[in-house]
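Student: Mind folding the following:
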Amino acid sequence: MKKKTFILFPLLAMFLSSCLFDSDDDGLSSWLSDQGMPSSYKVQMVEVDGLKPESAKLYRDTLPHTASSRGFLGAASGLVHDAVFDFAIDSAFLADMKEADSAKAYLSLYLFDGFYKFKNLPSNVLPIEEDLKLNVSWIVSEKLNTADYYALESVVDTVWMNELKSWKTKKKADTTLSVSITKKDSLLILDMPSAFVDDVRKNSGNRRLQLRISAPEASHVYRFYGPGSGLLVSPLLYMVEMKNNSYKGYRANRAATMTSNREECSDCLVLHSGVYDSLVVEFPSKPIMKALSDFYGDKFPYEDGNGVDVRQAVIMAELTFYRDDSMGENELGLPVRVVSVTYADSADKVVRSTESYIKFNDSLVVKKGHQNLVFHEGDSLSLQVTAGVRDFINRASDGRSFKMSMMFDLPILLENETTYANRYINSKGDTTYVAFPYSDFSRYDFSSIKDKPARLKLWLASKRGEE
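Tutor: Predicted structure coming up:
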C-alpha cells in the first residue's frame, strides 16, 4: 500500500486556526487533547464538492400527540392543528340539562402565557384579531355504569390517541366567533354550536364526551395549557342551564393535538417545525472515497480484515447545502435552527443520534451568525455531521452510503451570539436567551438539494506518515 508523508503547511495551519478552531496552535493541541486524540496528530482538510444525493425522503409527522402540558389549535405554514378533548359528564347534570328550557356551552382554553407573555416575543405576533371559524365534531358514548365512569380518568393517553387515528362521527357543526388576543388576555373562549348542545342535553346517565375542534382557515396557531399541566388552568367545558342560570364546568381528563398536512406538492421536500418532520438524505460513497484516495494516496474503502478503517480520525465534518429562504415561511419571523441527525453502528445495530455542535468559528458567528440556520443572512446551510461521517468512513467497505437527516429546532433570538446554548448568564448576572424557548410553526422547502450540489468538508487527524 502506498504511503504518503504529510507536512502541515503554514498556509493550512493558518486556515485551520482562523476558520475552524479560531485559536493558536496551542489551542488546537488542547482541543485535540480534549477530543481524546494525541496533540501530535497532524490535521488536514479534505473538501468534497459537487455531492448530489442518491435519495432524499421526507418523513412527515402525522400521528396524534398528547396535549397534556400544552396544546395547539389553528393553522399555519401548511399545517392544520386540531384539538381533541376527553370529558366525563355525570348523570345528575345531564338530567338537569334535559329539563332546562334552553342551554348553551362554551369551551374555556387558558392561553399558554409562557409563550404569549414572553418578554422577547416578536412585537408583530400580537395582537391577534380574526373571525375564527370552528369545525366542531363530537362523540357521546353509551350510558356508563359508575365503575366505568370513574375509570375514564385512568385511560392511558397513548391508547386513547391511537384510537383517535380512526376518528369517525356524523355529529358535527360549525360556528364562527370573533377573537382578539393581546398580552393582557389569558383566555380563549370558544362558544359551542347549538347543534352540539342540543345533542348532549338529550342524553341521560353517565356519559363520555369526546370533542374535536378544528380551525382550518385560521391565520394563527393558538397555544393553550393542557389538562396535565399541574396548574389550575386546564381546558374546561362549561355547560350553562338557562333555567336557573347555573354553570357547571367539566375539566378535560386528557387532550391531544391532531395535525394534518395541506401541502399541495407531494414531491416537494417541505419540512415543518413545531412537529417532528424529518428529511433523510443519502449520498453515494464513491465521490467521498475517491477524494480520500486522491488525498492520501491510499485505497479507499479499506477492505482487509474486519473492514473497519482506522487510518485517520475525523475530528470534524461539515456538510453545506444551498438554501433559498424565499421558499419558506415562518410565524415569528426569527431564524430557525436546523438539527442534523446521523447514523452509526453500535453493538451491531444502527443508532440514530443528534449531532453535537462540537466546534464553530467564533469570528464568523459574530460577523454572519451561526451557519446552521434558515431565515437569516446568506444562501447556505452548514450542518456538522462529525459522528456520522467518522462511522461512515470507518465502515464504508460494506458498500453503505452516507446517510443523515435534518429536523427543525428552536428559533434563535441572538444569531450572532457565540454561546451555543438556549440561554446563559451574561457578565452582568442576567439570564440572556439565545434561543426562543418555544417552537415556531414554520415550513421550508428543501427541494433544491436534489439538483443543487452539496459540499462536504472533512478535518482529519492523520495517524500515518512522519511526525
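Student: Ala195 belongs to a helix?
Tutor: Yes. Counting by DSSP: H, G, I helix; E, B strand; the rest coil, Ala195 is found in a helix.
Student: which residues does the nearest residue to it once chain neighbours are set aside contact?
Tutor: Distances taken as C-beta to C-beta, 6 or more residues apart in numbering place Ala173 nearest to Ala195, at 3.9 Å, with adjacent residues excluded. All C-beta spots, glycine's among them, are computed from the backbone N, C-alpha and C. By C-beta atoms under 8 Å, 6 or more residues apart in numbering, Ala173 lies in contact with 136, 193-196.
Student: I'd like to know which of those is nearest to Asp148.
Tutor: Of all the contacts of Ala173, Asp148 sits closest to Phe196, with 23.2 Å by C-beta to C-beta.
Student: is it true that Leu292 touches Asn394?
Tutor: No. With contacts counted by C-beta atoms under 8 Å, Leu292 stays clear of Asn394, the gap being 11.7 Å.
Student: quick one, which of the two is more surrounded?
Tutor: Each of Leu292 and Asn394 had its neighbours counted (other C-beta atoms under 10 Å), and the higher figure belongs to Leu292 (23 against 20).
Student: Among the contacts of Ala173, which pair sits farthest apart?
Tutor: Farthest pair in those, by C-beta to C-beta: Val136 and Ser194, 10.8 Å.
Student: For these two, work out which one has more neighbours and name it.
Tutor: Neighbour count, other C-beta under 10 Å: between Val136 and Ser194, Val136 has more, with 20 against 14.
Student: Which of the contacts of Ala173 sits closest to Asn422?
Tutor: Out of these, the member with the shortest distance to Asn422 (by C-beta to C-beta) is Val136, at 37.3 Å.
Student: Please state the offset of the helix or strand hosting that closest one from the chain centre?
Tutor: According to DSSP states H and E, Val136 maps onto strand 128-140. From the chain centre to the centre of strand 128-140 is a distance of 26 Å (C-alpha atoms, centre = their mean, to the nearest Å).
Student: Other residues contacting that strand?
Tutor: Strand 128-140 is contacted from outside by 167, 169, 171-181, 190, 192-193, 196, 199-200, 203, 207-220, 222, using C-beta under 8 Å, 6+ apart.
Student: per the record, what domains does the protein have?
Tutor: Per automatic domain parsing, the domain ranges recorded for the chain read 10-59+277-462, 65-261.
Student: can you redo those as TSV with mean pLDDT?
Tutor: Formatted as TSV, the domains of the chain follow (pLDDT from 0 to 100):
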stretch	mean pLDDT
domain 10-59+277-462	87
domain 65-261	94
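Student: Arg352 - how many residues pack around it?
Tutor: A count of nearby residues for Arg352, using other C-beta under 10 Å, gives 14.
Student: could you point out which element follows whichever strand or helix holds it?
Tutor: Arg352 belongs to strand 349-354 when assigned by DSSP H and E. Once the chain leaves strand 349-354, the next helix or strand it forms, by DSSP H and E, is helix 362-368.
Student: Give me the sheet partners of the next helix or strand after that following helix and which way each runs.
Tutor: Going down the chain from helix 362-368, the next helix or strand is strand 373-374, by DSSP H and E. If you go by DSSP bridges, strand 373-374 pairs up with strand 336-346 (antiparallel).
Student: Give me the distance between the partner strand and the centre of its chain.
Tutor: Distance, centroid of strand 336-346 to centroid of chain: 13 Å (C-alpha atoms, centre = their mean).
Student: If you count neighbours, what's buried in it?
Tutor: Residues of strand 336-346 classed as buried: 336-344 (neighbour count, 16 or more other C-beta atoms under 10 Å).
Student: quick one: which of the residues you listed is nearest Ser55?
Tutor: Tyr343 (13.7 Å).
Student: Could you pull up the residues touching the closest one?
Tutor: Under the criterion of C-beta under 8 Å, 6+ apart, the neighbours of Tyr343 are 350-352, 388, 391, 403-404.
Student: now, which of these sits nearest Asp82?
Tutor: Nearest to Asp82 among the contacts of Tyr343: Arg352, at 29.1 Å, using C-beta to C-beta.
Student: how close does the closest one sit to Gly399?
Tutor: Distance, Arg352 to Gly399, by C-beta to C-beta, to the nearest Å: 20 Å.
Student: Helices of the protein, start to end?
Tutor: 10-15, 25-34, 91-99, 113-116, 146-151, 157-164, 194-201, 286-296, 362-368, 386-395 (DSSP state H).
Student: hmm, who's touching the third one?
Tutor: Going back to what we said before, that points to helix 91-99. Here helix 91-99 has contacts from 103, 200-207, 239, 241, 243, 246, 248, using C-beta under 8 Å, 6+ apart.
Student: repeat that with 6 Å
Tutor: Contact with helix 91-99 is made by 103, 201, 203-206, 241, 248, as judged by C-beta atoms under 6 Å, 6 or more residues apart in numbering.
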